[in-house]
Every structure is written in C-alpha cells, then in structure tokens.
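In: need coordinates for the following:
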Amino acid sequence: MPLIPCSVCRTRDYDKLSQVTWAWNPVPRQRVAYRQRLCVGCFAGRVLVMDREIDPQARLVCPACGIDTEADMEPVYATAYVPGVGKMVYEWPLCPTHSDIVRAAAQEGAELLPEREPESRGQAPSTAPPVSPWERLGIMPRE
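Out: This next block holds a predicted model:
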C-alpha cells in the first residue's frame with residue numbers, strides 16, 4: 001500500500017499519483033503556489049475538466065462557464081507531472097467567480113510553496129518573454 005494519499009480524497013491507491021503545482025498572481029510580481037498530489041479521479045475532476053484548447057484568433061473565455069474574460073480575467077496556471085506521461089502545462093483565463101473556486105480547490109490538502117527568490121519572481125508561470133514581431137524584423141529599441 002502506498003504511503004502518500006491523494007491530497008483531496010485521501011485514498012491510497014496503487015496507481016502513482018500526479019503532482020500538480022497551481023499558481024496565480026494576486027498582485028503583479030507576486031506569485032502564490034500550492035502543490036497537490038492527485039489520484040486519477042481527482043486529477044480528472046480538477047484539471048482535465050478545464051482543459052480546453054484556446055483558439056489564438058478568438059476572444060478568451062472562462063473554461064468553466066464560457067463567459068468572455070478578455071477584459072476581466074484572473075488566470076490560474078498549473079504544471080502537472082503525470083506518471084507515464086510527463087510534464088503538462090495549463091493556463092486558464094478564468095472569470096473572477098471561477099478563479100476563486102479553482103484557487104480554493106487548489107489549496108485543499110495542498111502544500112503552500114515558498115516564495116521564489118526575487119530575481120526569479122515574475123508572472124506565473126515563469127517563461128521567457130516572447131520575441132516581438134518587430135524584433136524579428138530587426139527593429140530594436142534605441143538606447
């Protein structure tokens with residue numbers, strides 16, 4: 001019998017647990033992150049239920065309710081390590097109501113992660129800034 005139970009349902013299943021790190025920015029340049037270990041059922045009910053492909057040409061909508069979040073969005077990010085699959089990264093443009101619900105669920109049975117070092121602190125998740133189309137044309141800011 002495995003020693004570590006699912007963070008949510010507390011079952012000790014023989015299948016390996018996924019590890020999910022949830023993150024969001026309550027204010028600019030501040031990151032809050034929690035880590036959960038989820039069984040297959042809890043992973044499906046908390047992560048996969050919101051997994052929707054985002055059309056880059058369409059307006060952003062909340063994956064939970066479908067309302068337009070282009071002007072009023074509270075994003076939540078998740079990085080999951082799934083046994084036999086590997087790393088999976090999610091970004092959800094949630095409405096304020098569903099952002100609160102997802103953030104509360106992300107804290108259930110979870111471990112609060114320490115703040116990142118100031119030099120690495122940024123928006124969650126930490127990604128390299130994209131190269132602008134202007135820079136690809138060779139147009140650079142004057143110094």
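In: what's the spacing between the closest residue to residue 81 other than its chain neighbours and residue 70?
Out: What sits nearest to residue 81 in space, not counting adjacent residues and going by C-beta to C-beta, 6 or more residues apart in numbering, is residue 19, at 4.6 Å. Bear in mind the C-beta positions are built from the backbone N, C-alpha and C, glycine included. Using C-beta to C-beta, to the nearest Å, residue 19 is found at 32 Å from residue 70.
In: ok so residue 102 is a helix residue?
Out: Yes: counting by DSSP: H, G, I helix; E, B strand; the rest coil, residue 102 falls inside a helix.
In: report the beta-bridge partners for the residue nearest to it when sequence neighbours are not counted.
Out: In space, and not counting its chain neighbours, residue 102 is closest to residue 76: 5.1 Å by C-beta to C-beta, 6+ apart. Residue 76 forms beta bridges with residue 92, as assigned by DSSP bridges.
In: could you tell me how many residues sit around residue 76?
Out: Using other C-beta atoms under 10 Å, the number of residues around residue 76 comes to 24.
In: who touches it in this structure?
Out: By C-beta atoms under 8 Å, 6 or more residues apart in numbering, residue 76 lies in contact with 22, 23, 24, 92, 94, 99, 102, 103, 106.
In: from residue 90, how far off is it?
Out: 8 Å.
In: which secondary structure element contains residue 33?
Out: strand 32-38 (DSSP states H and E).
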